[in-house]
Structure formats: C-alpha cells, structure tokens
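Asker: quick one: sequence plus predicted model below, questions after.
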Amino acid sequence: MKLNLSLYLIADAGVPTRLPFLQTIEEALMGGVTMVQLRSKNNTFREFMEIASPVRVITSKYQVPFIINDNIRVAREINADGVHLGQGDLPIEQARKILGHKKIIGISTHNREEAHEAGTKGADYIGAGTVFPTASKDDITGIIGVEGLRKIVLSAKLPVVAIGGIDILNAAAVMETGVTGVAVISSIMKSDTPRETAERFRAIIDRQRKV
C-alpha cells in the first residue's frame, strides 16, 4: 500500500465527536484523508480491538493505510498496516522484528536529534511536534513552533508529518516549512462536517505544494 502522508488523521477514541465515531472517520476519508492512525489511550486490549476492527474495515474500503498508536499487539492482531511509536515506547528495532519489514513504523520526534536517530533506526516516517498549543497537550514547554518544525524538516532524512494544534487557519504556514503532510485530530474529529473539513485541508495542502 502506497504511503501518502498528506492528510494524516489521528482518530482518537477519547475525543468526543459530533457525529458517530466511525461515520466521522469514513466521511473524513471521503474528503481526502490519506492515512488513519487510531489512538486509544484508556482502553483495555479487548476494547481497543473492538474499536480497531471496524476502523480496519473502513480504511481497507478506501485503500488508506491504517496505523495503530503505540500498541504493537493490537497492530499485529488486527493486521494493521503499521504502528506509530512515542519516544518512550518499544524501540523501533524491536517493533520491526515483531511486525516485519512490510509494515509501516512511524515515531514521534520533538527535535533534530530525535529525527536523525529515527532515520538510523529504520523508521518509515516521523511525526514532528508539538507545533502549536493544543488541548491534547498541557505541557507548553514542548511547543516547537513553525521555526522548530522547519529545523527538523531541513535535517530529517525521512518524510515529516507535522502534529499539534494544526487547523484550517495555520495549515498553510505549516506546509510552507516543507513537511510531507499534516496530522489532524480535533479539527476533523470534532467537526460537524468532517468530509468538508477534510476537503478544505486537502485544498490547502495541494495548493501549497504547487507554490
């Protein structure tokens, strides 16, 4: 499956949605989302699997890669396309041994050093942030801003997905840094019209690529 990181949806099961959770994801895919990561921080393995199974069906329908956040076991059991790791999660090398070389492995990074290390450890892409303050992150000391993001992009050997507080108003400025794509949570998951919101993001992303 082709890796297209343009509009990366983080479907957080803990985020309240205006529409039913699965409907939100499907409409976002119809609007142009190119990758879906499922995040479920406070659920048991069984609960995570129950959430992941129908999402796997939807992403397969639209032929979009499906990534599991953190949980290697769920990723393997659900036959997800890959996993996204944090700096404190299982090392990339171990995740690769478990999942194999055909699966996608991404990792969150916050500076140039972490981005460089991800490239040497065998990751397929990096998530870089937190770019802007966001409700999902209380520690504002971790905010890197657009300039911090630009520094990571310039030094990274891997595709870079920007994450953290990205919305319709700032997406163009983020794309101007040269990132491969943007990761979005609230702007889409909390939208009354997730398809239209995704379409607006894609229009911005595609337009910036032509500049």
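Answerer: Thanks, I have it.
Asker: where exactly do the strands run in the chain?
Answerer: Under the criterion DSSP state E, the chain carries strands at the ranges 7-12, 35-39, 66-69, 82-85, 104-109, 125-128, 160-162, 181-184.
Asker: could the ones you listed be laid out in CSV, adding distance to Thr197?
Answerer: For every residue, glycine as well, the C-beta is placed using N, CA and C. Listed next are the strands of the chain as CSV, based on distance: least, Cβ to Cβ, whole Å:
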stretch, distance to Thr197
strand 7-12, 10
strand 35-39, 15
strand 66-69, 20
strand 82-85, 22
strand 104-109, 23
strand 125-128, 20
strand 160-162, 17
strand 181-184, 8
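Asker: so which of the ones you listed comes closest to Glu199?
Answerer: strand 7-12 (9.7 Å; Cβ to Cβ).
Asker: just put the strands of the chain in a markdown table and tack on mean pLDDT.
Answerer: Conversion of those to a markdown table gives the following (pLDDT from 0 to 100):
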| stretch | mean pLDDT |
| --- | --- |
| strand 7-12 | 98 |
| strand 35-39 | 98 |
| strand 66-69 | 98 |
| strand 82-85 | 98 |
| strand 104-109 | 97 |
| strand 125-128 | 97 |
| strand 160-162 | 98 |
| strand 181-184 | 98 |
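Asker: could those be laid out in CSV, adding mean neighbour count?
Answerer: Listed next are the strands of the chain as CSV, based on neighbours: other Cβ atoms under 10 Å:
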stretch, mean neighbour count
strand 7-12, 26
strand 35-39, 25
strand 66-69, 25
strand 82-85, 26
strand 104-109, 24
strand 125-128, 28
strand 160-162, 27
strand 181-184, 24
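Asker: nearest to Glu93 among these would be which one?
Answerer: strand 104-109 (9.8 Å).
Asker: alright, that wraps it up for me.
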